[in-house]
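Peer 1: What follows is a predicted structure for the sequence shown.
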Amino acid sequence: MKHIYLDYAATTPLHPQVLEAMLPYFSGEFGNPSSVHHYGQRADHAVELARETIAAQLGCQPHEIIFTSCGSESDNLALRGAAWAAREQRGANHILISPVEHHAVSQTAEQLAALFDFDLEYLPVDEYGRVNPAELAQRLRRDTAIVSVIHANNEIGTLNPVAEIGAICRQRGVAVHSDSVQGAAHLPIDVNTLNVDLLSLGAHKFYGPKGVGALYVRQGTRLHPSQTGGSQEFGLRAGTQNVPYIVGMAEAFKLTQDHLDAHKAHLSSLRDHLIGTILEEIPDVRLTGHPVERLPNHASFVFEGVDGNHLLMMLDVEGFACSSGSACKTGYPEPSSVLSALGLSHSWGLGSLRVTLGQHSTAEDVTAFLAVLPRLVEQSRKII
Amino acid sequence: MTKVVVAMSGGVDSSVTAALLKAQGYEVIGMMMRLWSEPGNEAENRCCTIDAMNLARRMAAQLDIPFYAVDAKDVFRSTVVQYFIDGYAEGITPNPCLLCNRRIRWEFLLQRALAIGAEFMATGHYARLRIEGNENPASHQSSVIGPIKLLKAIDDNKDQSYVLHVLKQEQLEHALFPLGEYTKPEVRQMAREFGLPVAERSDSQDLCFLGNGTYSDFLIRNIPEIAQPGPIINAAGDELGQHNGLAFYTIGQRRGLGIAAAQPYYVIRKETGRNALVVGMLDELGQNELLAHGVNWIAGTPPENPIRAEIKIRYKALPAWGTVTPMENGRVQVRFDENLRAITPGQAAVFYAGEVCLGGGIIE
């Protein structure tokens, strides 16, 4: 059976050029970047070149890039590190995040509230899952430690006005973080245009390897490490650097960012065809997330009266790999907090479907998908 | 290729079922239901702990078949668990596994299996299916005319036709029970030969949703009023002691009555009206007759006349000869040749003609 991958927001295949760049660092170039000797120096040089490559793409200084193990770790370090530092520095106690954050942000913030007595407040969002900068401005407090608003949402694809949000926070002297794990695969990322102090990246969303990420930390932003130990990564992230993966991440990021426009044109035309056809041909369906201000590869829907988990299973049996806001491998569908934040009722909220395209997606893939989806939605509506 | 969904549990039986069907050339898809457990006990449902789910997923990956977890919590809670609670509240001893087979496995899950284009659903149950004139045990074709027969498993120790007597022809049409043709030691041997790491895993026991607690703890939490003490009396009405709540005793029980006497007492029956537990000597225990309702006849229709049959009154009971007489409204009367000791309302009476399971119903 032919399998068609339509879940690029979950992960992407490694770019062959990235693999090639990584390979030497698994064998010959195996040194520890912290070592004094020749081997260590070679490895250190590779890590620093990677740091420079990513910094150049982001418009920042190399020492503002911290390599981590993934986007989630970057989110953890940003939230916990900034909250702890702001409390120590100025007694700050308030955390302000959107209700459509990735769990890596929201669960970290919830833990800071539960175990460290931080006052956690959720920003309101509109029906598309967007934060209104004016609402943020009203809620900023003198004791706000950190603000975090996701750049592009993984479940519904909506883009947030991060630049405006960042400008308000920075003017008020409050550290602002954005999770751009999805965004960095499709949007130009300049940390000065975006006005952020902290920004999370994960390599496997942009054709890099799994198991490596980065956090941009603007110079002067105070952060406590959440993983302590050696002094790697400017003392902010202990542990021997994952040299081949860091090399791969830099290669993948440059490749992706250098070809954003071409990819965007390819992806958004496929996406628009997908969205348009589904909204026209399937009854009782809604697009989730913003119709325009969304990731170019991202189409997400809710179908009334459909069990999203079951729809995914039927699609997989037909050879289509998609995702859902309520899907869970263990069969415990949790109503998605992101979809709940949009105000969707229960009968809609469990019937979500996310279709995310990528560099290898073709018009034929989309046509084949559109040929089966209406039938499968209809069938899954018949199941009680 | 014919699609078969295998209801997997992470255990040796369902894993070998999947492996056998795959080896026979079916397109096999694994499914596992996430069932309900008491709040706070979510990880404990023995049918579907995270461990069991991971094991089933691991088996599926090893067999290179797709695997899906299916959420059945709500329907399982509202049917099977509710039936269990209601039954005890009414003073009977319900068998929730029967309802689970009928309503959850062979309705809820079968519907999902058919919805993904499967022709059959297979489980690791030990039982056999036959169609008149078709001697190929592993593949019955839905195009064949004539009722499907449910037969006892080759391995008498493992035979599970008792819990499958609830199935109707339209369910059996889509059912495969490949293990019924083998003994349990043979199945374990096949698991080893297939290289399945679950070969030595022990068989599951007891009710899955009770977790690690006992069923009496579960009942007290869910029906607090069930722990209502009352008198223990003999047939003459003399009070011999106190019981802790009728639900905690079963017919024929001898231990734990707390009556000091020269000879052991047995639970004879429960009088729910006056909350009394009636006990007596061994010779008082036993009846030669029962009534059952909600009878399912595997063939689809009841026999026209009374039939001679062997009857099992519990999953592990020895079959006893008797005469089964169909009555109105899906009820039957069963008259046994000899007195039986543990006829328990709420359990099923299942009728057999030799190795053929004819059907059964719930004891009143």
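Peer 2: Cool, got the structure. Numbers count the residues shown, from 1 in each chain, chains lettered A, B, ... in the order given.
Peer 1: How many residues are close by residue 311?
Peer 2: All of this is about chain A. The local packing of residue A:311 (other CB atoms under 10 Å in any protein chain shown) involves 24 other residues. Heads up, the C-betas are built off the backbone N, CA and C, glycines and all.
Peer 1: nope, chain B
Peer 2: 24.
Peer 1: ok, now residue B:64?
Peer 2: 8.
Peer 1: Could you measure from it over to residue B:19?
Peer 2: Per CB to CB, to the nearest Å, residue B:64 is found 11 Å from residue B:19.
Peer 1: Give me the distance from stretch A:312-323 to the chain's centre.
Peer 2: Taking the mean of its C-alpha atoms, stretch A:312-323 sits 23 Å from the chain's own mean (CA atoms, centre = their mean, to the nearest Å).
Peer 1: Name the residues of it that are buried.
Peer 2: The neighbour-count check on stretch A:312-323 (16 or more other CB atoms under 10 Å in any protein chain shown) flags A:312, A:313, A:314, A:315, A:316, A:317, A:318, A:320, A:322, A:323 as buried.
Peer 1: Quick check, the third one in contact with residue A:377.
Peer 2: In other words, residue A:314. No: taking contacts as CB atoms under 8 Å, residue A:314 lies outside contact range of residue A:377: 9.1 Å.
Peer 1: so where is the chain shaky, pLDDT-wise?
Peer 2: Unless you meant another one, I'm taking chain A. Applying pLDDT under 70 to chain A picks out residues A:325-335.
Peer 1: think we crossed wires, I meant chain B
Peer 2: In the predicted model, chain B carries pLDDT under 70 at residues B:40-48, B:133-145, B:199, B:201-206, B:211-213.
Peer 1: tell me which parts of it are close to chain A?
Peer 2: Residues of chain B lying close to chain A by CB under 8 Å from any CB of the partner chain are B:29, B:32-34, B:48, B:50, B:53, B:57, B:66, B:68-73, B:111-112, B:115-117.
Peer 1: So which of the residues you listed sit within helices?
Peer 2: With helices taken from DSSP state H, the overlap with the residues of chain B next to chain A comprises B:50, B:53, B:57, B:73, B:111, B:112, B:115.
Peer 1: so how many other residues sit close to residue B:238?
Peer 2: Per other CB under 10 Å, the neighbour tally for residue B:238 reads 9.
Peer 1: C-terminal to the biggest strand by length in chain B, what's the next element?
Peer 2: For chain B, the strand with the greatest residue count under DSSP state E is strand B:287-297. Going down the chain from strand B:287-297, the next helix or strand is strand B:307-312, by DSSP states H and E.
Peer 1: Which other helices and strands does that next one contact?
Peer 2: Judged by 3 or more CB pairs under 8 Å, 6 or more residues apart in numbering or on different chains; DSSP states H and E, strand B:307-312 is in contact with strand B:320-326, strand B:348-353.
Peer 1: hey, which of those is tucked in deepest?
Peer 2: Comparing these by mean neighbour count (mean count of other CB atoms under 10 Å in any protein chain shown), strand B:348-353 comes out on top with a mean of 25.
Peer 1: That strand pairs with which strands?
Peer 2: Each strand paired with strand B:348-353, and its direction, by DSSP bridges: strand B:307-312 (antiparallel), strand B:356-363 (antiparallel).
Peer 1: Relative to residue A:143, tell me which of those strands wins on proximity.
Peer 2: Residue A:143 sits nearest to strand B:356-363 of all the strands paired with strand B:348-353, at 65.6 Å, using CB to CB.
Peer 1: Just want the angle from the closest one to strand B:320-326.
Peer 2: Angle of strand B:356-363 versus strand B:320-326, following axes from the mean of the first three to the mean of the last three CA atoms, to 10 degrees, is 70 degrees.
Peer 1: chain center to strand B:356-363, what's the gap?
Peer 2: The chain centre lies 12 Å from the centre of strand B:356-363; the measure is CA atoms, centre = their mean.
Peer 1: same question, stretch B:115-133
Peer 2: Relative to its chain's centre, stretch B:115-133 lies at 17 Å (CA atoms, centre = their mean).
Peer 1: For that stretch, C-alpha coordinates in CSV please.
Peer 2: Extracted in CSV, the C-alpha atoms of stretch B:115-133 (Å, rounded to 0.1, in the frame of the first residue of the first chain):
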residue,chain,number,x,y,z
ALA,B,115,-15.8,0.7,9.5
ILE,B,116,-12.2,0.4,8.5
GLY,B,117,-13.0,-2.2,5.9
ALA,B,118,-12.3,-5.3,7.8
GLU,B,119,-14.2,-8.4,6.9
PHE,B,120,-13.4,-10.2,10.2
MET,B,121,-12.6,-9.5,13.8
ALA,B,122,-10.5,-12.1,15.6
THR,B,123,-9.9,-12.5,19.4
GLY,B,124,-7.7,-14.8,21.4
HIS,B,125,-10.7,-16.6,22.8
TYR,B,126,-10.6,-20.4,22.9
ALA,B,127,-13.6,-21.6,20.9
ARG,B,128,-14.3,-22.9,17.5
LEU,B,129,-16.7,-22.0,14.7
ARG,B,130,-18.1,-24.3,12.1
ILE,B,131,-20.4,-24.1,9.2
GLU,B,132,-22.2,-27.2,8.0
GLY,B,133,-20.3,-28.6,5.1
